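In: give me a 3D structure for the following:
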Amino acid sequence: MKMDMELDTKGMNCPMPILKAKKAMNELAAGGLLKVLATDPGSVEDFSAFCRTGGHELVETSEADGVFTYVLKKGG
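Out: Numbering: from 1, shown residues only. Below you'll find the predicted structure:
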């Protein structure tokens, strides 16, 4: 999967990962893919809610060694 943009928010706490992701999503064209790296455990629910309310798709979520990886697809 080819990402259009990658965002590293490791070490940031809520709401910063979501705010930075929102800004990045605004720069993408519809259908664009954004990969976000985060360490805040609360980001799991935050990104789910962000996609649900923003009309985006949460394509993938994973966690390894305390780092959460999200792939978001911008809605049209």
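In: surely residue 63 touches residue 70?
Out: No. The pair residue 63 / residue 70 is not scored as a contact, 10.0 Å apart, by Cβ atoms under 8 Å. Where you see a C-beta, it was placed from the backbone N, CA and C, and this is true even at glycine.
In: those two: who's more crowded?
Out: residue 70 (25 against 12; other Cβ atoms under 10 Å).
In: which residue packs closest to the more buried one, ignoring adjacent ones?
Out: residue 36 (4.5 Å; Cβ to Cβ, 6 or more residues apart in numbering).
In: where does the one you found land in three-state SS?
Out: strand (DSSP: H, G, I helix; E, B strand; the rest coil).
In: please enumerate the strands of this protein.
Out: Listed in chain order, the strands of the chain (DSSP state E) span 5-8, 33-38, 57-64, 67-73.
In: quick one, the second one and strand 67-73 angle?
Out: If you take axes from the mean of the first three to the mean of the last three Cα atoms, to 10 degrees, strand 33-38 sits at 160 degrees to strand 67-73.
In: how close does residue 72 get to residue 56?
Out: Residue 72 sits at a distance of 5 Å from residue 56 (criterion: Cβ to Cβ, to the nearest Å).
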